[in-house]
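In: Dropping a prediction and its sequence here:
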Amino acid sequence: MNDRAVELLEQYEIEVLRTRKGRGAIVCDTSQGCLILKEYSGSQERLALQNKLLRQVAEAGLVRVERIVPAREGQLFVKDIDGIKYILKTWQDGRECSIRDREECREAVRLLAKLHGNMTLPSDTPDLPDAFSLEKEYDKRNRELKRVGKYLQQKRQKTWFEISLRNALEEFLEQALAVAQEWKQYAPVSETEALGDGVREEVMFCHGDYQYHNILQGSEGWFLVNFEKYQRDNPIRDLYLLLRKLLEKGNWSVALGSDLLEAYGKERPISAHSWIELYYRLAYPEKFWKIAKFYYNSGKAWIPGKNQEKLERVIQQEKEKQHFLDEVFRDIKRLR
């Protein structure tokens, strides 16, 4: 263990038995069990809200989640000599949820549904962040796609990747604009209602990064970690993120998607609004936008072969994705 870690851990009321590196952090075996020390870049207010949510979920007892360990003076983070903030959290050694195991994927969405049942706070809670706006996010992404298109149109000599990107961009941009426009027409009332602004007495939060590497299986069962990206947003955001990742791996299988949605719904029924939002989130070409954004922000120079493969896969899967949306969301027009 280096001197910096020793200095940081001395600020806690714990006895450190041994340490090891893990996941860009330091895993510590201590008198209070297994803990993990990692950098923290957020504000004190945001961390206090995260701590409140985690305590609430833990007290409900339906899902095992990480907990923030306060320092000796009661503060939720400590600083090193350079002013860098660190947090200490409970940890569990284990493996990540296997995306190739259908039953583990089902369990991941069941855990998510149980988590969401306890991810609300009173609307008068101090220091609440602004609610996430999907409408504003889509407008921002679409401006970025247009910027990429304009650049590629003006560039004379193009690589194979740039030719492929430009050829596909018109169709995906058209999709993106259509989704944004339809959501804009639907969202003004429903988004406010869903997030609780002046309508409900509670506001909803989501994990923000609910992916297989944050769902751990250990000797004591499943354990959810890394809540630092939590958002004040419709919890359906988490289900969308996990579902999209799994469906991309599973070639947008209708059977897989239906199975996972059923598993979630049995634990926590999906409202009509959330069902419509899930449809629009899945319909938006997020993967294509990410590839285009990475290309533009990376200096538009050398592109790793992996990104070329990702672009090819997105283009190839488009037919399967549209089939999935048509089959699983047959009732969407009636609900809108």
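Out: Nice, I can see it.

In: Return, as residue ranges, the portions of this protein with sub-threshold pLDDT.
Out: Judged by pLDDT under 70, the chain has its weakly predicted residues at 1, 188-200, 300-303, 333-336.

In: Find the residue at the geometric middle of it.
Out: In the chain, the centroid-proximal residue (Cα atoms, centre = their mean) is Asp209; its distance is 2.6 Å.

In: For that residue, give me its contacts.
Out: Listed by Cβ atoms under 8 Å, 6 or more residues apart in numbering, the contact set of Asp209 reads Asn226, Glu228, Lys229, Leu241. Any C-beta I mention is one placed from the backbone N, CA and C, and that applies to glycine too.

In: Looking at the residues you listed, which are in strands?
Out: Applying DSSP state E to the contacts of Asp209, no entry is found in strands.

In: so how far is Ala108 from the nearest residue to Ser219 once chain neighbours are set aside?
Out: Spatial nearest neighbour of Ser219, chain neighbours left out: Gly94 (7.3 Å); criterion: Cβ to Cβ, 6 or more residues apart in numbering. Counting by Cβ to Cβ, to the nearest Å, the separation of Gly94 from Ala108 is 14 Å.

In: So between those two, which is more surrounded?
Out: When Gly94 and Ala108 are compared on other Cβ atoms under 10 Å, the one with more neighbours turns out to be Ala108, at 26 against 16.

In: Then that one would be within a helix, right?
Out: Yes: the assignment for Ala108 by DSSP: H, G, I helix; E, B strand; the rest coil puts it in a helix.

In: Let me see the contact set for it.
Out: Taking Cβ under 8 Å, 6+ apart, one finds Cys97, Tyr212, Ile215, Leu242 in contact with Ala108.

In: if you set the cut-off to 7 Å instead, what comes out?
Out: Residues near Ala108 by Cβ atoms under 7 Å, 6 or more residues apart in numbering: Cys97, Ile215, Leu242.

In: Just the buried residues out of the residues you listed, in PyMOL syntax.
Out: The following PyMOL line selects those of the contacts of Ala108 that are buried, judged by 16 or more other Cβ atoms under 10 Å:
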select buried, resi 97+215+242
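
In: burial of Leu282, as a residue count?
Out: Number of residues near Leu282 (other Cβ under 10 Å) recorded here: 20.

In: Just list the residues touching it, thanks.
Out: Counting by Cβ under 7 Å, 6+ apart, Leu282 makes contact with Tyr240, Arg244, Leu325.

In: Excluding chain neighbours, what is closest to the last one?
Out: In this case it means Leu325. Using Cβ to Cβ, 6+ apart, the nearest residue to Leu325 is Ala283, at 5.9 Å.

In: Can you give me the separation between Leu112 and His323?
Out: For Leu112, the distance to His323 equals 25 Å [Cβ to Cβ].

In: quick one: which of these two has more around it?
Out: Leu112 (28 against 12).

In: Kindly confirm my reading that the more buried one is in a strand.
Out: No: applying three-state DSSP, one finds Leu112 to be helix, outside a strand.

In: Does it touch Leu239 like I think?
Out: Yes: between Leu112 and Leu239 there is a contact at 6.3 Å, judged by Cβ atoms under 7 Å.

In: Just confirm Leu35 contacts Gln92, I think it does.
Out: No: using Cβ under 7 Å as the test, Leu35 is too far from Gln92 to be in contact (10.3 Å).

In: So the protein: which segments form each domain?
Out: 3-91, 102-335 (automatic domain parsing).

In: still on that earlier bit, out of the contacts of Ala108, the closest to Glu73 would be?
Out: Closest approach between these and Glu73, by Cβ to Cβ: Ile215, at 32.9 Å.

In: Tell me which residues of stretch 135-152 come out buried.
Out: Quick answer for stretch 135-152 (16+ other Cβ under 10 Å): Tyr138, Arg141, Asn142, Glu144, Leu145, Val148, Gly149, Leu152.

In: any chance of those residues in JSON lines, plus distance to Gln316 and secondary structure?
Out: Output for the buried residues of stretch 135-152, formatted as JSON lines (distance: Cβ to Cβ, whole Å; DSSP: H, G, I helix; E, B strand; the rest coil):
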{"residue": "Tyr138", "distance to Gln316": "24", "secondary structure": "helix"}
{"residue": "Arg141", "distance to Gln316": "22", "secondary structure": "helix"}
{"residue": "Asn142", "distance to Gln316": "23", "secondary structure": "helix"}
{"residue": "Glu144", "distance to Gln316": "23", "secondary structure": "helix"}
{"residue": "Leu145", "distance to Gln316": "20", "secondary structure": "helix"}
{"residue": "Val148", "distance to Gln316": "20", "secondary structure": "helix"}
{"residue": "Gly149", "distance to Gln316": "21", "secondary structure": "helix"}
{"residue": "Leu152", "distance to Gln316": "21", "secondary structure": "helix"}
